[in-house]
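Colleague: give me a model of this one.
(chains A and B)
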There are 2 protein chains.
Amino acid sequence: MTNERSNATIPSGPRFAIGVDYGTSSARALVVDITNGTEVGAATWAYAHGRDGVVLDEREPDLARQHPADYVEGFRRAVGDAVRDAMRSPGFAPERVVGIGVDTTGSTPIPVDHAGTALALTERFADDPAAMAWLWKDHTAHAEAAEITERIRAAGLPYLETCGGVYSSEWYWSKILHCERRAPEVAAAAASWVELCDFVPALVTGTALPERIARSVCAAGHKAMYHPRWGGLPSASFLDGLKPGLARLREGYATPALTADRAAGGLLPAWGEAVGLPAGVPVAVGAFDAHMGAVGAGIREGTLVKIMGTSTCDCMVAPLESRASPMASPLLIPGVCGIVPGSVLPGMLGIEAGQSAVGDIFDWYVSRIARDHGSSAAERHASLSAEAARLVPGASGLLALDWHNGNRTVLVDPRLSGLLLGQSLHTTHAEIYRALIEATAFGALTIIERIESCGVPVRDIVACGGLAERNPLLMQIYADICGRPIAVSRSAQTCALGAAIFGSVAGGGHPDVASAQRAMAGVRAERYAPDPQRHATYRRLFALYRALHDSFGLPDCAAPLGHVMKELLAIRDAARQQPRTQPRSAP
Amino acid sequence: MTNERSNATIPSGPRFAIGVDYGTSSARALVVDITNGTEVGAATWAYAHGRDGVVLDEREPDLARQHPADYVEGFRRAVGDAVRDAMRSPGFAPERVVGIGVDTTGSTPIPVDHAGTALALTERFADDPAAMAWLWKDHTAHAEAAEITERIRAAGLPYLETCGGVYSSEWYWSKILHCERRAPEVAAAAASWVELCDFVPALVTGTALPERIARSVCAAGHKAMYHPRWGGLPSASFLDGLKPGLARLREGYATPALTADRAAGGLLPAWGEAVGLPAGVPVAVGAFDAHMGAVGAGIREGTLVKIMGTSTCDCMVAPLESRASPMASPLLIPGVCGIVPGSVLPGMLGIEAGQSAVGDIFDWYVSRIARDHGSSAAERHASLSAEAARLVPGASGLLALDWHNGNRTVLVDPRLSGLLLGQSLHTTHAEIYRALIEATAFGALTIIERIESCGVPVRDIVACGGLAERNPLLMQIYADICGRPIAVSRSAQTCALGAAIFGSVAGGGHPDVASAQRAMAGVRAERYAPDPQRHATYRRLFALYRALHDSFGLPDCAAPLGHVMKELLAIRDAARQQPRTQPRSAP
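Modeller: The predicted structure is shown next:
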């Protein structure tokens, strides 16, 4: 990996980094002043394929793919437009860009050929969903995930120790194995499978050859069971045991996997021309959106960063040192997606947890169910939020489980589904909408309690992402339910900001991530403070949520549930004696 | 009780009976040719008070009352209009009416003064909901119901043996006791509490004095713990034990309670004038709508009659003889609302069970939730039914409990609520609507299995009421789930027809109820036949329904539920492999 341009060539004066964020429906780019975090340019490009960027199959509701052509075009459009946008800012010039960082969804593996070209970008496989990117929320591989878990457990292998004890259908090897079985012609043509966060930097720096491509330690460690303790990927014999021949994929997988403060390469001249930047601008090794978002939100020890959008990712960091060596005594948190050295901040343990659907649940509710509450999704959200804000906790008698897209943490089970309980003949949309918000917050608290139970205290919360930006009702409910203050990241594009931070470090704009965070990241002045009375009511509801959670989510839980409906009615009756709360205005 | 007119005065030629049916939202009257069941006149009058006839209290969602003024006006308007309607029929003349029968909702007790006047019809109490009729679906008295059950059990008394083992908040003594405690001034002014089905015949025949008023054995036996085995009502000491002084209500309660083939009296001249009938037309002793509906639907041994409307009543009859004497060896069916000699057919055991909300659940869904599916409730029902009819059983992955208004049979517990499980991010209104229909059908099957388990076989089903009339999708689902053929009563006003049958018998038009049924009742030629494949899928779903039913409905059931969501997904996945069914057209 070479940078074709050294920092010395950058003119004196303000300097900038670019963060590129590949989300579920669009790619966006952000041009950031590295001295103070000022965002001087931004652009978003919505993917062209599928429904809101996602290729679906009506007969297979678990399927969710994306066309790699959207990633290629996404870089050109988002970065190009963001640079053009920045050009209107007096201090900006393309020569002042020190580096580019890229974050993406994941695990979103893409099958590529021997040249590193995505199979779906070749004529033979252009329209084959199996040859496209297997989007993070694709759950077709649930049987393979269960099989991988089972085999690892049966063989007494350590591979799941750092990813919560259960392998997920959302992850790298499950998807590859499913493809091997269901689309063997695609699998046979795949010289390697590349995470989207590695695909993009390789694409624009010309480093896509499978045996050379830089692999993100974030993606490798959290999704591909990569860990220094066992020398990288799972052993060849284990992979061949899953399916003979699968071990070949170890060959086209360069190690060690890298942290995102490193450069993957320099921007190719053609790409520079396409987006209006000089050739050779360093492009950082990629990482997952949530992890770079956590950095953009100012993650540090004791602070849980929640990236809240269609789904939610929760990130924490913990010191490597307190656990002697990561090689020796790993931190174990059952059911948590991953605990990987260097995955969030270089030199720390990165912890990732999350919920498979959060905003997606509310979006489902307004797009499919509460369609009478306005003509657009935004209107419906606003109308329902306003009504729901006038409700007292517990007064609806409703309780929900937030498993409409399965449960990622702590049950790690995609074969779960939603539940709503307590409906009467008077139940309203706003009551259900609020119950769904509360359900996701109870899910969030379940994760917090699991992390804390393993010795990592969660003192406060910083939220970012669309929900944190725009939904004060939701944020107040989260504070009330979690019983902790919640701050909101200052940037409206925290993931892209995090990518820009890594772009800056990889390009030499800052000596390390902590310095870049101090300069570029921050939170809004106002925080959401938990209300003690509401928190007390929610503790009663949370006990019922946990009863449902364990009964429906654990294989052998046989706790009685006969009290649940009656307790909900008792809470409802008590809540209706209270005066109504006023709608809370945005902080 | 005297008939002021003998049958001999009726001119030769066709003869008619009138049935008057007091429903939840309206009173309707039907003029029927007693020789062949031809309906020659009909009219409906919607109650004027409250919301659709029901007085509600937003702060007390369990409260549901009706103003007795609507009952008085309802007779005048419905009967008067039906007679006017019949006048257009060539063979009809008011002099040819042999008798009038009255059926009503219940338990709907009304507090009356010493003259038999409803307290809400006196100036002092005109606007006091406690002085109005306590509608069947009023659940304010759940604590009193539990207390009554508890006291009877503790004292080892037999009073609950014939009403399923649990006293309900919907019933007579629960409501009276609640009124004694919460509205003592009303309770003190009440010389007696009169069921609506006794109030109306007494009103129009001038037999309303509490110590004289004819009491329906149907209402008394099913709701007031009246039974010949213990000499009528519960003992004075038991009632005074509930609240000192309550035993006074035994005094103003004439016994024995009567079957509806008897006349309560003759139509008062003023009422005859008001409705266009001769004075003295015999008016039968009243009974509950479901019971008279069962007779109008042609109930006989082995046939379950389901009266399907906002709620559902299930009626069966069983021979007295096979159990030696009803005094000695009562048929016991735990959780079934009532088993009363003479309550449905004179000379048989009448068995009543039911579901607290059926049509009410679908109405809630279209009025509160699926409001985008058309501008009227009827349009929404039609649109959702059409979509739901295209779904294969199990394909939605959804499962619901039908307890939005509590569970009347077999759990006898108003403190339960609805549940919906299996939602994904793709779940649609039509899927939920179908799941709600299926939930009520699973509830119906639960009742059938309970009745059969106690030795009363259910060979076939006759349905009547609005849902049976108008919803072929629902009927087919019921047949598929219950695994039994379902016929539909020929009359669109089966309850009123049943009342007319009793009017005819009480007025001497037929010698007994069986003869009148043969002449006047019948079912449509087409039946809904269960489909074996759909039934097989529904048996799998029913096992899951029963798991939820027992877990949430029984106090100490601790069965594991971890399989429920996975089994639902397995059923879903299998169902999606099947070809889609075509919408079934109305038979």
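
Colleague: which residues touch whatever residue of the stretch 51-200 of chain A ends up closest to chain B?
Modeller: Of all residues in the stretch 51-200 of chain A, residue A:61 sits closest to chain B, at 5.6 Å by C-beta to the nearest C-beta. In short, each C-beta sits where N, CA and C put it, glycine included. By C-beta atoms under 8 Å, 6 or more residues apart in numbering or on different chains, the contact set of residue A:61 is B:424, B:426.

Colleague: for it, report the pLDDT, please.
Modeller: In this model, residue A:61 is scored at 87, pLDDT.

Colleague: which element is it on?
Modeller: According to DSSP states H and E, residue A:61 maps onto no helix or strand at all.

Colleague: and after the lowest-mean-pLDDT helix or strand in chain A, which helix or strand comes next?
Modeller: Across the helices and strands of chain A, mean pLDDT, DSSP states H and E gives its lowest value to strand A:338-341, namely a mean of 86. As assigned by DSSP H and E, the chain's next helix or strand after strand A:338-341 is strand A:348-355.

Colleague: so how far is residue A:175 from residue A:125?
Modeller: 16 Å (C-beta to C-beta, to the nearest Å).

Colleague: which of those two has more neighbours?
Modeller: Each of residue A:125 and residue A:175 has its neighbours counted (other C-beta atoms under 10 Å in any protein chain shown); residue A:175 has more, 29 against 21.

Colleague: got the phi/psi numbers for the residue of the stretch 51-200 of chain A closest to chain B?
Modeller: The phi and psi values for residue A:61, taken as degrees, to the nearest 10, are phi -60, psi -20.

Colleague: then the one 5 residues further on?
Modeller: The phi and psi torsions at residue A:66 (degrees, to the nearest 10) take the values phi -140, psi 150.

Colleague: what does residue A:343 give?
Modeller: Here residue A:343 shows phi and psi, under degrees, to the nearest 10, equal to phi -80, psi -30.

Colleague: hmm, it is touching residue A:223, no?
Modeller: No. Residue A:343 is not in contact with residue A:223 according to C-beta atoms under 8 Å; the separation is 10.3 Å.

Colleague: picking up where we left off before, partner strands of the least confident helix or strand of chain A and their direction?
Modeller: If you go by DSSP bridges, strand A:338-341 pairs up with strand A:348-355 (antiparallel).

Colleague: which parts of the strand it pairs with are buried?
Modeller: Neighbour-count burial for strand A:348-355, with 16 or more other C-beta atoms under 10 Å in any protein chain shown as criterion, is recorded at A:348-355.

Colleague: residue A:150 - how many residues pack around it?
Modeller: By the criterion of other C-beta under 10 Å, residue A:150 has 11 neighbours.

Colleague: any idea which element it lies in?
Modeller: Taking DSSP H and E as the criterion, the element that holds residue A:150 is helix A:142-155.

Colleague: by contact count, what packs against that helix?
Modeller: Helix A:142-155 is packed against helix A:172-182, helix A:236-242, with contacts defined by 3 or more C-beta pairs under 8 Å, 6 or more residues apart in numbering or on different chains; DSSP states H and E.
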